[in-house]
Structures are given as structure tokens and as C-alpha cells.
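S.K.: I'll drop the sequence and a predicted model, then ask my questions.
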Amino acid sequence: MRTLLLLLLTVTTTLLSGGETKAPARALEGELLLVGSDSMDPLLRLWIEEFQKRHPRARIDAISKGSLTAPPALAERRTVLGPMSRPMKEAEAEGVEKVLGFRPQQFIVAYDALAIWVHRDNPLRRLTLEQLDAIYSKTRNQGWEVPIRTWGDLGLRGAWKRRDIVPYGRDGLSGTRGFFDEHALGKGQVNGAYQVAGDQWAVVEAPGKDPQGISYGPVNYAEPSVRQLPLVPIYGREGILPTAQTIATGRYPLTRMLSIYAAADGAHPLPELAREFLRFILSPEGQALVAGYGSVPIAPELAASQVMRLEAR
């Protein structure tokens, strides 16, 4: 996976470097607070740290409590940049527009995916999206006819046959939860067995501590006690793992985009510090940090078009 990420990074850097708009030569000052996604927090910290090396008198921080907190923070003018690991809903965008007089603008900054995690000793070889829904939801909108409650329901034998499946996930503030409910559960509702984990790290680690557990979480949060399950898409036959290639091509069914929503339009430009920070994120240097973190950089053409759009504001 790392090789593929470096290849994507090389292509991105090569194609963007010629047309990149340079950041101001002078050091920037001021304060900037971002409010939103917690799963994006480690990546945001990398961007902040590197940007502040270039602008040591700038003070940037992030309050990362979940994507659900970004739209109200934009509407309440507590931030002009709201990171979200899921697309902003129409009602959320309308709520911001009602207060500010314009809609927040989406800037896609990276791609990643939700991996399905089980204990490293779990012998299950793959899982279909329909089965995943039947494990987690009470609605089973993806079409599996009966609930799946034990590992034996998935065909495991021996000591695993009678073990209950314990599904772990995030709370309602999380964009990861919102994305999972929509794309894995077909906008369904979780069942009574669902266990809430405190953060992205805890949800990935949960099956490592509880061998009966299963969880979903960012692909780059791996740790030794768990492993990823290949996931079979709806109407698919092949189990697919989330790699740089399957994420970049969208083959992996739980691929998602990471965005920053900006409180700006043509008549209301971003403050200079926010604009230059977002420009840095879209630059080859900023996208290099995406690859190093383990997510997938955006396509060169997309980065270039968003820089141009940023310039127009």
C-alpha cells in the first residue's frame, strides 16, 4: 500500500508543481480555529505543524469532536473552516446559509476508507456488504433476509460457532458513523447490540480487546491485534481490501472523501490565514503529508481546480 501511495504522490507533485500558486513570501500572523471531524484530527495536526514551521507567528488549532459539529460552528462564526469526513447534508448547508447568507464551499482534501476490523485470530475470510448490514442494523435495508447475531451465522465452526458478534462503532456526532449508516446500512438504524466506542482509535482497537467484536474505522488506524476483512460490494463476488489503488479508483465500497467546508463565497472571501492554510493543504507539500499519513492524495486536476476556485474568493 505504501508503494502505491508514493506513486500517487509522485504523480500529484509532478503535475501540480508547475501550476501551483505560491504562498506569500512574508510570514503570516493571526489565529485560526478549525471545528469538525475527529477522524481527520491526526491529519489536521500534521498540516498545522508543517504550516506553522513556515509561519511561526500564526496560531492554528482544531476542536475535533465530530463532523456534526462543523456546520453549526460555521453558522455561529466560531470557525471559517469546518473539516468533515462525510458530505455536508442539505439541511446542514441550508442552516449555514440561513445565518450567513451563503452556502459553505466544499474543498475535497483527501480520500480514505472505512475498513472492517476483526480480531487477528478471527478465521472469517470475507464479508459481504449485505452481511455487514445484517450484523449492525435492525432494518437490514441492504437486503439480507435474517439478522446475523453469531459468528456461526457467517459459517464459522468449532469454538467460534456459538460466539455472539459484538458490533462496535461511533456515536452520533461522528462523520464516520454518519457515513457508515448511509453507505453500509443503507440509511438504516443500528440494533441493540451496537456498542459505542469513544474515538477512532478505540473503535479500531475494540475487536483486539474483545475477540467476539467487529468494528469499522479509518483504514490507516491499524494496530497489531486486529486485521481487515475483505468486503464484497453489493452484487459483487470478490472480497476487496482498502488499498491505495482500490480507494483511488473507488472499487472499495466504503471509500470516502475528506473535506474542509469554508465559510466563503465570491462576496465573502476567507481571511488570509485561512485561505493560505487551505492553499497549503492542496499544495504538493500538503498532499505529501496525506500520503505519508496513509490516506490517498486527491487527483492533481482536482487539486489544481480547487486552488483556482480558492483564488477566486
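M.R.: That came in fine, so what should we check first? Numbering: from 1, shown residues only.
S.K.: Run the chain-centre distance for stretch 203-214.
M.R.: From the chain centre to the centre of stretch 203-214 is a distance of 20 Å (C-alpha atoms, centre = their mean, to the nearest Å).
S.K.: next one: stretch 276-287
M.R.: Mean-position distance between stretch 276-287 and its chain equals 18 Å (C-alpha atoms, centre = their mean).
S.K.: gap between the two ends of that stretch?
M.R.: End-to-end distance of stretch 276-287 (C-alpha to C-alpha, to the nearest Å): 15 Å.
S.K.: Over to stretch 81-91?
M.R.: 18 Å.
S.K.: Buried residues, it. List them.
M.R.: 81, 82, 83, 84, 85, 86, 87, 88 (16 or more other C-beta atoms under 10 Å). For the C-beta atoms, the positions are set from N, CA and C on the backbone; glycine is no exception.
S.K.: Quick check: chain neighbours aside, which residue is closest to residue 188?
M.R.: The shortest distance from residue 188 to any non-neighbouring residue, by C-beta to C-beta, 6 or more residues apart in numbering, is to residue 139 (3.5 Å).
S.K.: count of residues packed around the one you found?
M.R.: 15 (other C-beta atoms under 10 Å).
S.K.: Contacts only, for it.
M.R.: Neighbouring residues of residue 139 by C-beta atoms under 8 Å, 6 or more residues apart in numbering: 185, 186, 188, 189.
S.K.: Let me know the distance separating the first one from residue 259.
M.R.: If I follow you right, that is residue 185. 22 Å (C-beta to C-beta, to the nearest Å).
S.K.: With neighbour numbers in mind, choose between those two.
M.R.: Higher neighbour count among residue 185 and residue 259: residue 259, with 26 against 23, using other C-beta under 10 Å.
S.K.: list the contacts for the more buried one?
M.R.: So residue 259 contacts 83, 84, 85, 87, 88, 106, 107, 108, 109 (C-beta under 8 Å, 6+ apart).
S.K.: Wait, the second one touches residue 64, no?
M.R.: So the one you mean is residue 84. No. Applying C-beta atoms under 8 Å as the test, residue 84 and residue 64 come out as separate, 11.1 Å apart.
S.K.: so what's in contact with these two at the same time?
M.R.: With C-beta under 8 Å, 6+ apart, residue 84 and residue 64 have common neighbours 36, 37, 40.
S.K.: Redo those residues as a markdown table? Include neighbour count and pLDDT.
M.R.: Listed next are the shared contacts of residue 84 and residue 64 as a markdown table, based on neighbours: other C-beta atoms under 10 Å; pLDDT from 0 to 100:
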| residue | neighbour count | pLDDT |
| --- | --- | --- |
| 36 | 30 | 97 |
| 37 | 30 | 96 |
| 40 | 28 | 95 |
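S.K.: the bottom helix or strand of the protein by mean pLDDT?
M.R.: helix 2-17 (a mean of 37; mean pLDDT, DSSP states H and E).
S.K.: just curious, which of the shared contacts of residue 84 and residue 64 is nearest to residue 102?
M.R.: residue 36 (18.6 Å; C-beta to C-beta).
S.K.: who does that closest one bridge with?
M.R.: residue 64 (DSSP bridges).
S.K.: next one: residue 227
M.R.: residue 118.
S.K.: Not including adjacent chain positions, what is the nearest residue to residue 234?
M.R.: residue 129 (5.3 Å).
S.K.: Repeat that for residue 43.
M.R.: Closest to residue 43 by C-beta to C-beta, 6+ apart is residue 293, at 5.2 Å.
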